[in-house]
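Participant: no sequence on hand, only this structure:
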């Protein structure tokens, strides 16, 4: 124990007596290794790639899935845009919320990479997004970072654009929607534009306002396509709920939902 005049800190690096072996095994199975170690062993082995387990990621990617070119009138469509100029990549995705199959399906994905220190061609981004809109008639969600001017032009072209800045409670809404989409097995993704690698970089951070998503910046960008996915995921869930009139339930057990650190602490008397 670490003690001061006002605090006593006890760190458990083995299973504490109030958590059964069965409960610990279940927690280990539904969390990534780094997340389990942080929550149940007080060990921070890494700050990267902690948001989702490999099982969740692999379950979301369908080897038979591919980009689509025709709008399904039975689905609702949303798009996400994560914009950069030259330090990071720019990512764009479109999802179909399919009430019949209870899925949120990736139908379009694109990444723009700055070349040799030059800025990304925003006119090319505008043209691609507009062409995709002509196929899918989506609402577009963006985080407001370097997107306002571009979205003004898209709005003039008839696209409904919504800004969702990933801070405070909005960041928790975005992170929770992403975690639920993977844990509840509603996502159907194809591996294009480096999306799978981006998803593996996502790190979940617990803050006073709830969860927020972070990612490392490397030579392959800043998980930009994954963040484009994240910013529109609450809207994708909302369209799925409006289509069915119900809230989507986990296909497996509730244990597959993410651990809420505060709830876990309260349950175990911290």
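Facilitator: Ah, there it is. Quantities reported herein were computed from a predicted structural model and do not represent experimental measurements. Numbering: from 1, shown residues only.
Participant: list the contacts for residue 144?
Facilitator: Residue 144 sits next to 163, 164, 165 when contact means C-beta atoms under 8 Å, 6 or more residues apart in numbering. To be clear about C-beta, it is placed using only N, CA and C from the backbone, and glycine gets the same treatment.
Participant: the same query, at a cut-off of 10 Å, please.
Facilitator: For residue 144, the residues meeting the contact criterion (C-beta atoms under 10 Å, 6 or more residues apart in numbering) are 83, 151, 162, 163, 164, 165, 166, 231.
Participant: now the two most distant members of those.
Facilitator: Greatest spacing in those, by C-beta to C-beta: 151 and 166 (16.0 Å).
Participant: please report phi then psi for the residue nearest to residue 239 when sequence neighbours are not counted.
Facilitator: Distances taken as C-beta to C-beta, 6 or more residues apart in numbering put residue 76 closest to residue 239, at 3.5 Å, once the chain neighbours are dropped. According to degrees, to the nearest 10, the main-chain angles of residue 76 amount to phi -100, psi 140.
Participant: partners of residue 76 in the sheet?
Facilitator: When assigned by DSSP bridges, residue 76 has beta-bridge partners residue 97.
Participant: state the distance from it to residue 171.
Facilitator: Taking C-beta to C-beta, to the nearest Å as the measure, residue 76 and residue 171 are separated by 24 Å.
Participant: equivalent analysis for residue 130, please.
Facilitator: Distance, residue 130 to residue 171, by C-beta to C-beta: 29 Å.
Participant: one more: residue 86?
Facilitator: Here residue 86 is placed at a distance of 25 Å from residue 171 (C-beta to C-beta).
Participant: pick out whichever of those two has more residues nearby.
Facilitator: Looking at residue 86 and residue 171 with other C-beta atoms under 10 Å, you find the greater number of neighbours at residue 171, namely 22 against 12.
Participant: now for that one: which residues touch it?
Facilitator: Residue 171 makes contacts with 143, 164, 165, 205, 207, 209, 210, 211, 212, 213, 214, 230, as judged by C-beta under 10 Å, 6+ apart.
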